[in-house]
Structures are given as C-alpha cells and as structure tokens.
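**Student:** Got a predicted model here, sequence first, then my questions.
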Amino acid sequence: MTSPSSVVVVGASAAGLSVAETLRREGFDGRVTLIGEEDCPPYDRPPLSKQILSGAWPEERVWLRDDVRISGLDLDLRLGVAAVTVDPAERIVMLADGSRVAYDEMVIATGVRARRLPGTEGLAGVHTLRTLSDARALREALAAKPRLVVVGAGFLGTEAAAVAREAGAEVTLVSDIEAPLSDVLGPEVGELLIRMHAEHGVKIITGVMVREVLTSGGRAAGVRLADGRVVEADAVLVSIGSIPNVEWLAGSGIEIGNGVLCDEYCQAGPGVWAAGDVASWIHPTLAERLRIEHRTNAGEQGMAVARNILSRGNPAPFAPVPYIWSDQYDRKIQIYGLPRGCDRFAVTEGSLAERRLIALYGQNDLVRAAVGINMVRPVRAARALVATPTPWDSVDLTRQGVTA
Amino acid sequence: MHITIDEEKCVGAGQCVLAAAEVFDQREEDGVVVLLDADPPEEQHAAARDAVAVCPAAAIAVRE
Ligand SMILES: Cc1cc2nc3c(=O)[nH]c(=O)nc-3n(C[C@H](O)[C@H](O)[C@H](O)COP(=O)(O)OP(=O)(O)OC[C@H]3O[C@@H](n4cnc5c(N)ncnc54)[C@H](O)[C@@H]3O)c2cc1C
Ligand code: SF4
C-alpha cells in the first residue's frame, strides 16, 4: 500500500487538529485540508463551562494553538464553511460554498452538538453550552445574577451550576436521575455531589423530568416538571446530552448510527476514518463499541487515526484507557476507565466524607474504572489497575460497597 | 528542543507524565505539571512531542 498524497479532515476542533498535527509530525508532506464550520481558529471546549463562563480567562486563552503554530502546519485551511456531502467512491467532499475537495483519505471529526428541548429553538433566555458563542451568551446572562434553571445533571450541567452559583445566580438543578452524575459514578459519589452542590446553595430537584419550558412575553420564564411543579426562572440552561453531527453523511453509504460506525482501527470504509466525539469504534480489549465525548480521547484518537493513515496498510487498533476530568467548586474529579454500569464500588484511599478519595469500580470481577476526587497523583497510580485487566479480589480494599 | 508549560491552563490530567516521565511530573497537591527538563536530550524528543499532542489543555509548547 502506498502513502496517500492528500488528506481531508472535516471538523476543525480538538480531534481534527490532532489529526493534522500528527500527520505533519510523522513527516507527511502532502496536502492536508482542514474544514471547519465555525468561523474561528480551533479552540478548546472544556474551559467554556469553567474559566470562560466564570470570566476568569480572556477568550483568547481557548485557542488550541497560536497563529504561528497553525501556519507552521502548512494547511489548506477552510474555516467558516461546512462540508455538506461526500462521495466516498469518487473521494470528493462538497462544501457549503460550492467548492469540491478531492482526497485520498478523509477523517470525519465533526463532533457533536447540544441536544435541545423540543420547541425551545431560538427562544430568548434558553441556553445550551457547546460553542464559544454559547458560553459568551450564558456568561452575559449570568452577569445579571438571574434565577437559572439547569436542566440535566451530567458533567456539563453540574459544572455550569457551580460556576453560575459562584457568579451569584440563584441556581436550581433539575435532573431525571437520582443524583448528579449518578448514572456514571454511582449513588455514593452522586450523594456526595448532591451535598456539595446543596452546601453551595444550589437547589436540587432529582428523579423528575422537565416537561416544558414556560414563556412569558416571548422569553423563557421557567420550567414545568413532569409532576406538575413549576420552577420560575429568568434563564434556562439545557444540558441534556448531545447529538453526533452525522447528518451531512446521510446517503453517502458511510455507515452512521450513534456516530460514525468504525472498526477497531477507527476506519469506517475505504479512505474514510473518524476521530473524536463523533467516532464510534470497537475498543479491542474492552470488546465493546464505544463513542467517547471527552477531550483526551479526541486528541488521542486523532493521533491514532493519523498514524493509521500513514501506516502503509499496517494499522494499529485504538485501545486507550479512557480519561475524563471535571472541575466543580474546589474539587477535581478524575476518571480512568468506564465506571458506568459497574456493579462494584470501593473507596480505597481517603473517604466520601472528606470528599477526597480514590474509588474503584468493578464489573465481572475486574477493575473497570478508577475515580479520584482531589487526589491527583494517586489516581494516576490507580490507572494501572484499569490499563491491564486486574481481578477485583486481588486489590486491597479498605472498604467495599456495591453500586446500584 | 525547548519546552514551556502554562501552569494556569494545566488541568492536571497527567497525560504528559504518561507520555514522557523523564520530562514531566505533577505537583503532589493539585496535579499541576512540573517541568523536569526544559531542554531534554534527543532521545526524549519524540516522547515530549507526544505529550504536547495528548495534553488535553494545550498547556505544553515545544520550540525546536
Ligand atoms: C462546555 C464543555 C465542557 C467540556 N468539559 C470537558 C471536560 O472537563 N473534560 C473532558 O474530558 N471533556 C470535556 N468536554 C468535551 C470535549 O470538549 C470534547 O470531547 C471535544 O471538544 C471533542 O472534540 P472533537 O474535535 O471531537 O469535536 P468538537 O469539539 O465538537 O468539534 C467538532 C467541530 O466540527 C465542526 N463541524 C461539525 N459539522 C461540520 C461539517 N459538516 N463541516 C465542517 N465542520 C463541521 C463543528 O463546528 C466543530 O467545530 C467539554 C465539552 C463542552 C462543550
Ligand atoms: S497533560 Fe497537560 S493538562 Fe495534563 S498534567 Fe500534563 S500539562 Fe497538565
């Protein structure tokens, strides 16, 4: 197999940039076209719900690379224009401005977008948080110290609730699950998060869905819950998950479902690859189809895809140890592996009461995940228990409980 | 090769240490990156470049 002479990367964010950079770093000197719908250089999203929302950082801190570094990559950079269709047989991508770009290899890195509540599109006072302009709009709304309802208690909702509270907003967090992040981290850590947010003055309503956003004078005025209760508000943040940006691939023959469906090499077909939030691939050692919406994966998967493209027919399966972090108030939560769906839970260092701990999560008698709260170096050591299959019973557990 | 880090951007992910343990460490208390060797020897260059690529906070820069 020969090396390609041109690569098109669709999506100019963390994953797309990682593909482009790795191609150059590995010595690829062909054409690299990077296409991004957003009208700005590649930027980082995690600070959007943290330092950008709080105003602690000026916006330019989110650029992933400075101009010098971007121009050093010698890219055919197309910003502010979306890819609208692709013909994988002819290997041509069509852009919204009518131009066509031929490729030998294409990488789909179009990420995800925020899921909305039906009927709230364009409604004043209703926010989502995915882009820099979303973060700007919400930060401006917070300046008035509004009554804010956050719908959804995942990573995004809980982080934004913490920042909004610290900015002086009156915050109500509404979630259909029993405790913040309890679907991922189990009831023990969920309970810890409830207490932490409550102590900071966040009102928490769990175990109930939001039925509709109420309006008054053409603006959001609150939400009505499934049990009929009404929470009045000046602003509503909808953080109920996301939708992969795959519609532009419909009819192309590229297999899509919950993301772009790839094999263990992150390849979706001849000349077609995917990386980042949009990519669904088969993790070879976990033997599971995964789509990971976290920042570290975007960089690592982009790097893996670039290397596979240049591998002359000898691609390597992509087998990362998933890593996630989240900052809430003065706590840093770090997660290695996949705690969701585990049936064993044990705190091995620190304690839930101190809110400083290492917890292990297990399934099928193996350690599946290690979670740290404000224990940064120990959790890196605990990563080893996740990186290689480790029998649950071989670990020295100071306390053992069962999740769910 | 010269390496610089931006402590304020660092999120304490430790990916840099996993990629290049000779070049990076983390502070005990908050996990913020510690640069062990700002001008690492040749044999560390590839690992240091990997660290730049996998750092999820764009907190590491190398000049060559
Ligand atoms: C507010 C917020 C906070 C987060 N915090 C954390 C955190 O603390 N820790 C963590 O691990 N992760 C966090 N994440 C997740 C992390 O940011 C994502 O995993 C990461 O951005 C994924 O990168 P990506 O390149 O795959 O996709 P994206 O960042 O979604 O980028 C995809 C890009 O493709 C563009 N695009 C879409 N369709 C097209 C098209 N047809 N043509 C051209 N371009 C297109 C989009 O405009 C976008 O710029 C956070 C995300 C958000 C939104
Ligand atoms: S990988 Fe980046 S964010 Fe993580 S500790 Fe190193 S410098 Fe900090």
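**Tutor:** Thanks, I have it. Ligands and ions are numbered 1, 2, ... in the order given.
**Student:** The residue of chain B found nearest chain A: how many residues sit nearby?
**Tutor:** In chain B, the residue found nearest to chain A is B:Gly31; the distance is 2.8 Å by CB to the nearest CB. In short, each C-beta sits where N, CA and C put it, glycine included. Neighbour count of B:Gly31, defined by other CB atoms under 10 Å in any protein chain shown: 24.
**Student:** likewise A:Ser54?
**Tutor:** Neighbours of A:Ser54 under the rule other CB under 10 Å: 16.
**Student:** For the residue lying closest to it once chain neighbours are set aside, give me its contacts.
**Tutor:** Of all residues not flanking A:Ser54 in the chain, A:Val163 sits nearest, at 4.9 Å (CB to CB, 6 or more residues apart in numbering or on different chains). Going by CB atoms under 8 Å, 6 or more residues apart in numbering or on different chains, A:Val163 touches A:49-50, A:53-54, A:142.
**Student:** now swap in B:Asp30 and tell me
**Tutor:** The neighbours of B:Asp30, taking CB under 8 Å, 6+ apart as the test, are A:332, A:376, B:12.
**Student:** from those, which is closest to ligand 1?
**Tutor:** A:Lys332 (9.8 Å; CB to the nearest ligand atom).
**Student:** residues in chain B within reach of ligand 2, list them.
**Tutor:** Contact residues, chain B versus ligand 2 (CB under 6 Å from any ligand atom): B:5, B:10-16, B:24, B:26, B:33, B:55-57, B:59-60.
**Student:** mind redoing it with 5 Å?
**Tutor:** Neighbours of ligand 2 within chain B, by CB under 5 Å from any ligand atom: B:10-11, B:13-16, B:33, B:55, B:57, B:59.
**Student:** For chain A, tell me which of these show up nearby.
**Tutor:** B:11, B:13-15, B:55, B:57 (CB under 8 Å from any CB of the partner chain).
**Student:** coming back round to it: quick one: residues contacting the residue of chain B closest to chain A.
**Tutor:** A:332, A:376-377, B:10, B:12-14.
**Student:** for the stretch 151-300 of chain A, what spans make up the helices?
**Tutor:** Along the stretch 151-300 of chain A, the segments classed as helices by DSSP state H, counting those that start in this stretch run A:155-166, A:182-199, A:295-309.
**Student:** quick one, which of the ones you listed is nearest to A:Asp234?
**Tutor:** For A:Asp234, the closest of these is helix A:155-166, at 11.5 Å, according to CB to CB.
**Student:** what about the helices in chain B?
**Tutor:** B:15-19, B:45-54 (DSSP state H).
**Student:** which one of those lies closest to A:Glu37?
**Tutor:** Nearest of the helices of chain B (CB to CB): helix B:45-54, 23.5 Å.
**Student:** Tell me if the closest one is near ligand 1.
**Tutor:** No. On the criterion CB under 5 Å from any ligand atom, helix B:45-54 is out of touch with ligand 1, staying 12.3 Å away.
**Student:** can you check stretch A:93-107 too?
**Tutor:** No. Remark: stretch A:93-107 sits outside contact range of ligand 1, by CB under 5 Å from any ligand atom, the gap being at least 7.8 Å.
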